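Asker: how would this look folded up:
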Amino acid sequence: MDNTEWKPPYVAAVGIFALVLTGYVLTLAPTVTFWDAGELIAAVHTLGIPHPPGTPLFVLLGHVWSMLLPLGEVAWRLNLMSATFSAAGAAFFFLVVHYTLVRVTADLAEPNRRWLALGGAAAAAVIGAFTFTNWQNSNETEAYSVATFRQWGRSRGPVADADRLPRRHLDGKSPPGLVVGAGGGGVSGRHVADIARRRQG
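Answerer: Below you'll find the model as predicted:
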(Lines give C-alpha, C1' and ligand atoms only; values in the text may rest on other atoms or scores of the structure.)
Protein backbone atom coordinates (compact mmCIF):
# COMPACT_ATOMS: atom_id res chain seq x y z
CA MET A 1 0.00 0.00 0.00
CA ASP A 2 1.53 3.30 -1.09
CA ASN A 3 1.65 5.85 1.70
CA THR A 4 -0.05 8.43 -0.50
CA GLU A 5 -2.86 6.14 -1.68
CA TRP A 6 -5.01 5.50 1.36
CA LYS A 7 -8.20 3.66 0.53
CA PRO A 8 -10.76 3.87 3.32
CA PRO A 9 -11.87 0.37 4.41
CA TYR A 10 -15.57 1.13 4.27
CA VAL A 11 -16.63 -2.52 4.36
CA ALA A 12 -14.70 -3.02 7.58
CA ALA A 13 -16.21 0.19 8.96
CA VAL A 14 -19.69 -1.16 8.28
CA GLY A 15 -18.67 -4.34 10.09
CA ILE A 16 -17.56 -2.30 13.10
CA PHE A 17 -20.87 -0.44 13.04
CA ALA A 18 -22.83 -3.71 12.96
CA LEU A 19 -20.73 -5.30 15.72
CA VAL A 20 -20.98 -2.33 18.06
CA LEU A 21 -24.69 -1.81 17.37
CA THR A 22 -25.37 -5.48 18.10
CA GLY A 23 -23.65 -5.16 21.46
CA TYR A 24 -25.61 -2.04 22.25
CA VAL A 25 -28.97 -3.51 21.24
CA LEU A 26 -28.38 -6.64 23.34
CA THR A 27 -27.83 -4.44 26.39
CA LEU A 28 -30.27 -1.65 25.48
CA ALA A 29 -32.33 -0.13 28.27
CA PRO A 30 -35.95 -1.20 27.71
CA THR A 31 -37.47 2.04 29.00
CA VAL A 32 -36.67 5.29 30.83
CA THR A 33 -33.43 5.32 32.82
CA PHE A 34 -32.15 7.62 35.58
CA TRP A 35 -30.84 11.18 35.40
CA ASP A 36 -31.49 13.22 32.23
CA ALA A 37 -33.13 10.51 30.11
CA GLY A 38 -36.71 11.14 31.22
CA GLU A 39 -36.41 14.88 30.68
CA LEU A 40 -34.88 14.40 27.23
CA ILE A 41 -37.53 11.88 26.19
CA ALA A 42 -40.32 14.26 27.22
CA ALA A 43 -38.65 17.17 25.42
CA VAL A 44 -38.15 15.13 22.25
CA HIS A 45 -41.72 13.84 22.27
CA THR A 46 -43.26 17.30 22.77
CA LEU A 47 -40.59 19.31 20.91
CA GLY A 48 -39.83 21.02 24.19
CA ILE A 49 -36.62 22.54 25.53
CA PRO A 50 -34.55 20.45 27.97
CA HIS A 51 -32.08 21.93 30.43
CA PRO A 52 -29.28 24.17 29.06
CA PRO A 53 -27.81 24.11 26.51
CA GLY A 54 -31.11 22.81 25.19
CA THR A 55 -29.68 20.32 22.62
CA PRO A 56 -32.00 21.42 19.78
CA LEU A 57 -30.36 19.12 17.21
CA PHE A 58 -30.87 16.10 19.45
CA VAL A 59 -34.50 17.08 20.11
CA LEU A 60 -35.29 17.47 16.40
CA LEU A 61 -33.48 14.28 15.37
CA GLY A 62 -35.15 12.33 18.15
CA HIS A 63 -38.61 13.64 17.27
CA VAL A 64 -38.23 12.62 13.63
CA TRP A 65 -36.65 9.28 14.58
CA SER A 66 -39.50 8.40 16.96
CA MET A 67 -42.07 9.19 14.25
CA LEU A 68 -40.29 7.14 11.57
CA LEU A 69 -39.78 4.12 13.85
CA PRO A 70 -43.22 3.20 15.24
CA LEU A 71 -41.96 0.26 17.31
CA GLY A 72 -42.33 -0.08 21.06
CA GLU A 73 -42.65 2.86 23.39
CA VAL A 74 -41.02 6.22 22.73
CA ALA A 75 -38.35 5.68 25.38
CA TRP A 76 -37.15 2.46 23.72
CA ARG A 77 -37.07 4.09 20.29
CA LEU A 78 -34.90 6.94 21.56
CA ASN A 79 -32.62 4.54 23.41
CA LEU A 80 -32.15 2.76 20.09
CA MET A 81 -31.36 6.08 18.40
CA SER A 82 -28.57 6.69 20.91
CA ALA A 83 -27.19 3.23 20.23
CA THR A 84 -27.30 3.74 16.46
CA PHE A 85 -25.57 7.11 16.51
CA SER A 86 -22.87 5.86 18.88
CA ALA A 87 -22.26 2.80 16.70
CA ALA A 88 -21.95 5.04 13.64
CA GLY A 89 -19.52 7.23 15.60
CA ALA A 90 -17.44 4.13 16.34
CA ALA A 91 -17.31 3.37 12.61
CA PHE A 92 -16.05 6.89 11.86
CA PHE A 93 -13.49 6.56 14.67
CA PHE A 94 -12.31 3.31 13.07
CA LEU A 95 -11.69 5.14 9.77
CA VAL A 96 -9.76 7.97 11.45
CA VAL A 97 -7.55 5.58 13.43
CA HIS A 98 -6.97 3.44 10.33
CA TYR A 99 -5.83 6.50 8.41
CA THR A 100 -3.42 7.44 11.20
CA LEU A 101 -1.99 3.92 11.54
CA VAL A 102 -1.41 3.66 7.79
CA ARG A 103 0.69 6.83 8.01
CA VAL A 104 2.75 5.90 11.07
CA THR A 105 3.50 2.35 9.87
CA ALA A 106 4.98 3.43 6.54
CA ASP A 107 8.20 1.51 7.22
CA LEU A 108 6.50 -1.85 7.74
CA ALA A 109 6.22 -4.39 4.94
CA GLU A 110 2.96 -5.75 3.61
CA PRO A 111 0.82 -7.55 4.67
CA ASN A 112 1.90 -6.74 8.24
CA ARG A 113 1.19 -3.05 7.71
CA ARG A 114 -2.30 -3.67 6.38
CA TRP A 115 -3.27 -6.03 9.18
CA LEU A 116 -1.79 -3.79 11.84
CA ALA A 117 -3.79 -0.83 10.54
CA LEU A 118 -7.03 -2.80 10.32
CA GLY A 119 -6.55 -4.64 13.61
CA GLY A 120 -5.40 -1.59 15.54
CA ALA A 121 -8.24 0.57 14.24
CA ALA A 122 -10.81 -2.14 14.96
CA ALA A 123 -9.48 -2.63 18.49
CA ALA A 124 -9.52 1.12 19.15
CA ALA A 125 -13.08 1.49 17.87
CA VAL A 126 -14.51 -1.50 19.73
CA ILE A 127 -12.69 -0.79 23.01
CA GLY A 128 -13.71 2.86 22.81
CA ALA A 129 -17.33 1.92 22.13
CA PHE A 130 -17.51 -0.35 25.17
CA THR A 131 -15.76 1.76 27.77
CA PHE A 132 -18.08 2.10 30.75
CA THR A 133 -19.25 5.70 30.27
CA ASN A 134 -19.63 5.50 26.49
CA TRP A 135 -21.45 2.17 26.69
CA GLN A 136 -23.80 3.42 29.38
CA ASN A 137 -24.67 6.60 27.47
CA SER A 138 -25.23 4.59 24.29
CA ASN A 139 -27.85 2.37 25.91
CA GLU A 140 -30.11 5.18 27.08
CA THR A 141 -31.50 8.45 25.76
CA GLU A 142 -28.57 10.84 25.98
CA ALA A 143 -27.34 13.65 23.74
CA TYR A 144 -23.75 12.40 23.93
CA SER A 145 -24.36 9.78 21.24
CA VAL A 146 -25.22 12.39 18.60
CA ALA A 147 -22.25 14.48 19.75
CA THR A 148 -19.92 11.48 19.39
CA PHE A 149 -21.23 10.76 15.91
CA ARG A 150 -20.86 14.40 14.86
CA GLN A 151 -17.36 14.73 16.30
CA TRP A 152 -15.87 11.68 14.58
CA GLY A 153 -17.88 12.35 11.43
CA ARG A 154 -16.33 15.82 11.22
CA SER A 155 -12.90 14.31 11.80
CA ARG A 156 -13.49 11.90 8.93
CA GLY A 157 -14.07 14.78 6.47
CA PRO A 158 -10.64 16.44 6.77
CA VAL A 159 -9.00 13.01 6.70
CA ALA A 160 -10.56 12.39 3.29
CA ASP A 161 -9.67 15.88 2.08
CA ALA A 162 -6.06 15.38 3.15
CA ASP A 163 -5.65 12.71 0.48
CA ARG A 164 -6.37 15.32 -2.17
CA LEU A 165 -3.53 17.56 -1.02
CA PRO A 166 -0.27 17.73 -2.99
CA ARG A 167 1.79 14.53 -2.77
CA ARG A 168 4.62 16.26 -0.89
CA HIS A 169 2.30 16.76 2.10
CA LEU A 170 1.44 13.07 2.24
CA ASP A 171 4.94 11.65 2.37
CA GLY A 172 4.54 10.46 5.93
CA LYS A 173 6.33 13.49 7.40
CA SER A 174 3.23 15.57 8.05
CA PRO A 175 1.85 14.65 11.47
CA PRO A 176 -1.52 12.85 11.19
CA GLY A 177 -2.55 14.68 14.35
CA LEU A 178 -2.88 17.84 12.24
CA VAL A 179 -5.72 16.29 10.30
CA VAL A 180 -7.42 14.53 13.20
CA GLY A 181 -7.04 17.52 15.52
CA ALA A 182 -8.41 19.92 12.94
CA GLY A 183 -11.47 17.74 12.40
CA GLY A 184 -12.04 17.30 16.12
CA GLY A 185 -11.94 21.04 16.59
CA GLY A 186 -14.52 21.62 13.91
CA VAL A 187 -12.09 22.94 11.28
CA SER A 188 -13.13 22.05 7.75
CA GLY A 189 -11.07 20.15 5.23
CA ARG A 190 -10.66 23.39 3.29
CA HIS A 191 -8.86 24.90 6.29
CA VAL A 192 -6.53 21.90 6.41
CA ALA A 193 -5.79 22.39 2.71
CA ASP A 194 -5.11 26.09 3.26
CA ILE A 195 -2.66 25.30 6.05
CA ALA A 196 -0.83 22.87 3.80
CA ARG A 197 -0.64 25.36 0.93
CA ARG A 198 0.80 28.01 3.23
CA ARG A 199 3.45 25.58 4.35
CA GLN A 200 4.27 25.04 0.70
CA GLY A 201 5.30 28.69 0.27
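Asker: so what pLDDT did Gly172 get?
Answerer: The model reports Gly172 with a pLDDT of 44.
Asker: again, but for Val14
Answerer: Reported pLDDT for Val14: 96.
Asker: who's in contact with it?
Answerer: Ala91 (CB atoms under 8 Å, 6 or more residues apart in numbering). All C-beta spots, glycine's among them, are computed from the backbone N, C-alpha and C.
Asker: what about it, which helix or strand?
Answerer: Taking DSSP states H and E as the definition, one finds Val14 inside helix 10-26.
Asker: now do Glu140
Answerer: Per DSSP H and E, there is no helix or strand for Glu140.
Asker: that one contacts Ser82, correct?
Answerer: Yes - assessed by CB atoms under 8 Å, Glu140 is found in contact with Ser82 at 6.4 Å.
Asker: more neighbours: which of the two?
Answerer: Using other CB atoms under 10 Å as the criterion, Glu140 and Ser82 rank with Ser82 on top: 29 against 24.
Asker: excluding chain neighbours, what is closest to that one?
Answerer: Take Ser82 and drop its neighbours on the chain: the residue closest to it by CB to CB, 6 or more residues apart in numbering is Ser145, 4.0 Å away.
Asker: let's check: the centremost residue of this protein is which one?
Answerer: Nearest to the mean C-alpha position of the chain, by CA atoms, centre = their mean, lies Gly89 at 2.4 Å.
Asker: and that one, what does it touch?
Answerer: Applying CB under 8 Å, 6+ apart, the residues near Gly89 are Ser145, Thr148, Phe149, Arg150, Gln151, Trp152, Gly153.
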